[in-house]
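# Quick one: sequence and predicted model below, then my questions.
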Amino acid sequence: MCVIEPSPVVETRRLALRAPRPQDVSRLASLANDPDIARMTLRMPHPYSIDDAETFVLGVAGQDPARAATFLIEHEDHGPVGVIGLFEDSDPAPEVGYWIGRPFWGRGYATEALQGSLVWAAKRWKRRALVAGHFTDNPASGRVLEKAGFLYTGEVRRGFSKARSDEAQTRRMVWLA
């Protein structure tokens, strides 16, 4: 017998972190199709189309839950406001990445979602460490990570940003449970 585990839902004070669904595609495409959001990520293209959002939702549905968890960040009044994901990569600890739609910047949603996902990762995945990074020209993301308890490692890496079509320097950080 095959048992399919339901997608987790992480609840915080104002947010629910849940799997993105097909009905979220148009909202995701609308929020993500912002050059100032895409240029602060490695993997997000710009422009960001409905097809990109559909591919994203399908990709999340096909993730190995032991190696990755991607959540739509849903506000109780505003609906979807962004995305946060945790995934295993080449680093010894899983990495976390996130973005918030421009209309919702400066409201603490990224910090709240990050804190909720850290609690989930520690309890569900039994992770004692996570890594993250932010582009050197995105200090606001660094502040979000600091508020959630991440510390700078002193390492700066170059990574290729799809939206920039160029490399960007990334300041690396670590969170220890």
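Arrived safely, thanks for sending. Computed from a predicted model, the values in this text were never measured in an experiment.

# Name the SS class of R172, please.
Classification of R172 using DSSP: H, G, I helix; E, B strand; the rest coil returns strand.

# and if you look at Q23?
At Q23, secondary structure determined by three-state DSSP is helix.

# and it, how many neighbours does it have?
9 (other C-beta atoms under 10 Å). Backbone N, C-alpha and C define where each C-beta goes, glycine included.

# What is the helix ranked longest in the chain packed up against?
As assigned by DSSP state H, the longest helix anywhere in the chain is helix 109-124. The contact analysis (3 or more C-beta pairs under 8 Å, 6 or more residues apart in numbering; DSSP states H and E) places helix 109-124 against strand 10-11, strand 15-18, strand 68-75, strand 79-87, strand 95-100, helix 139-147.

# now with 6 Å?
Judged by 3 or more C-beta pairs under 6 Å, 6 or more residues apart in numbering; DSSP states H and E, helix 109-124 is in contact with strand 15-18, strand 79-87, strand 95-100, helix 139-147.

# Please name every helix or strand in contact with the next helix or strand after the shortest one.
Following the chain from strand 15-18 toward its C-terminal end, the next helix or strand by DSSP states H and E is helix 25-32. In terms of contacts (3+ C-beta pairs under 6 Å, 6+ apart), helix 25-32 is packed against helix 50-61.

# What angle do helix 25-32 and the helix it packs on make with each other?
110 degrees (axes from the mean of the first three to the mean of the last three C-alpha atoms, to 10 degrees).

# buried stuff in helix 50-61?
52-53, 56-57, 60 (16 or more other C-beta atoms under 10 Å).

# Pull it out as PDB, backbone CA atoms only.
Extracted C-alpha coordinates of helix 50-61, given in PDB (Å, rounded to 0.1, in the frame of the first residue of the first chain):
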ATOM      1  CA  ILE A  50       1.700  32.200 -16.500                       C
ATOM      2  CA  ASP A  51       3.700  29.300 -18.100                       C
ATOM      3  CA  ASP A  52       6.600  30.000 -15.600                       C
ATOM      4  CA  ALA A  53       4.100  29.900 -12.700                       C
ATOM      5  CA  GLU A  54       2.500  26.700 -14.000                       C
ATOM      6  CA  THR A  55       5.900  25.100 -14.300                       C
ATOM      7  CA  PHE A  56       6.800  26.200 -10.800                       C
ATOM      8  CA  VAL A  57       3.600  24.700  -9.300                       C
ATOM      9  CA  LEU A  58       4.100  21.400 -11.100                       C
ATOM     10  CA  GLY A  59       7.700  21.300 -10.000                       C
ATOM     11  CA  VAL A  60       6.800  21.800  -6.400                       C
ATOM     12  CA  ALA A  61       4.200  19.000  -6.600                       C
END
